[in-house]
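>>> coordinates only, no sequence provided:
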């Protein structure tokens with residue numbers, strides 16, 4: 001089964017923690033049935049793997065469609081909590097919303113407060129549900145039409161949210177795709193809100209330019225070592241999640257997660 005093969009690969013790579021998203025008996029994590037969750041937990045336990053994150057795709061909707069679809073996800077979140085009771089994760093991920101009008105407004109927080117003020121209550125309720133169940137709520141920035149396009153917008157959202165338990169999953173490349181090149185300056189703005197970091201490689205054509213090509217972490221155009229070093233020093237991401245790079249594939253390029261893992265272990269003794 002795909003799930004067992006994937007978990008075996010984690011063991012082969014010497015990894016200890018799981019981030020569960022999709023391809024779980026052909027389902028995303030938010031659509032698992034209790035008996036499927038029990039099977040996943042057994043498969044993980046036998047291999048000595050711990051489940052760190054349930055990466056749902058809840059709340060990743062277009063704000064222009066209105067609040068009803070967001071509140072349907074609040075109902076769905078209650079089902080996820082029941083699954084979490086079986087899987088025992090540390091945190092549950094929800095996603096930042098998006099807008100099909102994203103290119104029309106320079107500051108999403110001003111736009112939301114003027115046009116969709118209901119959205120922040122949705123996220124507060126979601127964070128309350130997750131936290132009350134004993135898990136950490138984390139909100140990840142996405143790559144297309146996302147309401148988080150730069151660090152100032154992202155920081156303003158978390159200040160508006162005003163929920164101490166809710167943290168940001170900073171997907172570094174996703175924010176890059178939204179127009180913000182990764183830098184230590186960006187990290188410093190986001191640092192108070194980060195609870196986890198997602199790493200991908202990626203290359204630009206010119207220094208500080210837009211993402212163009214997929215790459216390994218070692219060959220990335222952004223300062224991987226400097227940013228990861230700061231993340232580790234500040235202790236804000238207990239685990240780091242690796243994902244395949246976005247961007248155009250050059251001839252001969254192959255996604256190689258083990259290369260990225262070895263690169264991180266070689267440069268950071270704290271990463272095991």
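That came through, no problem. All of these numbers come straight from a predicted model, not from anything done at the bench.

>>> could you pull out the helices for the stretch 101-250 of the chain?
Taking DSSP state H, counting those that start in this stretch as the test, the helices found in the stretch 101-250 of the chain are 108-115, 119-132, 151-161, 172-177, 184-190, 224-234.

>>> now, of those, which is deepest in the fold?
helix 172-177 (a mean of 24; mean count of other CB atoms under 10 Å). (Glycine included, C-beta is placed from N, CA and C.)

>>> list the helices and strands that one packs on?
strand 194-199, strand 211-213 (3 or more CB pairs under 8 Å, 6 or more residues apart in numbering; DSSP states H and E).

>>> can you list the strands that the longest one pairs with?
The partner list of strand 194-199 in its sheet, established with DSSP bridges, is strand 167-171 (parallel), strand 240-242 (parallel).

>>> go through these and pick out the most buried.
Highest mean neighbour count among the strands paired with strand 194-199 (mean count of other CB under 10 Å): strand 167-171, a mean of 25.

>>> TSV for the helices of the stretch 101-250 of the chain, including mean pLDDT?
Converted to TSV, the helices of the stretch 101-250 of the chain look like this (pLDDT from 0 to 100):
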stretch	mean pLDDT
helix 108-115	98
helix 119-132	98
helix 151-161	98
helix 172-177	98
helix 184-190	98
helix 224-234	98
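
>>> of all those helices, which lies closest to residue 10?
For residue 10, the closest of these is helix 224-234, at 20.3 Å, according to CB to CB.

>>> for the strands paired with strand 194-199, give me JSON lines that also has mean pLDDT and distance to residue 58.
Shown next, in JSON lines, are the strands paired with strand 194-199 (pLDDT from 0 to 100; distance: least, CB to CB, whole Å):
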{"stretch": "strand 167-171", "mean pLDDT": "98", "distance to residue 58": "13"}
{"stretch": "strand 240-242", "mean pLDDT": "96", "distance to residue 58": "18"}
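
>>> could you find the closest non-adjacent residue to residue 131?
Closest residue in space to residue 131, ignoring its immediate chain neighbours: residue 165 at 4.3 Å, by CB to CB, 6 or more residues apart in numbering.

>>> is it true that the one you found touches residue 137?
Yes. Counting by CB atoms under 8 Å, residue 165 does reach residue 137; the two are 5.9 Å apart.

>>> shared neighbours of these two, anything?
Residues touching both residue 165 and residue 137 (CB atoms under 8 Å, 6 or more residues apart in numbering) are 127, 130, 131.

>>> having no further points to raise, I will conclude here.
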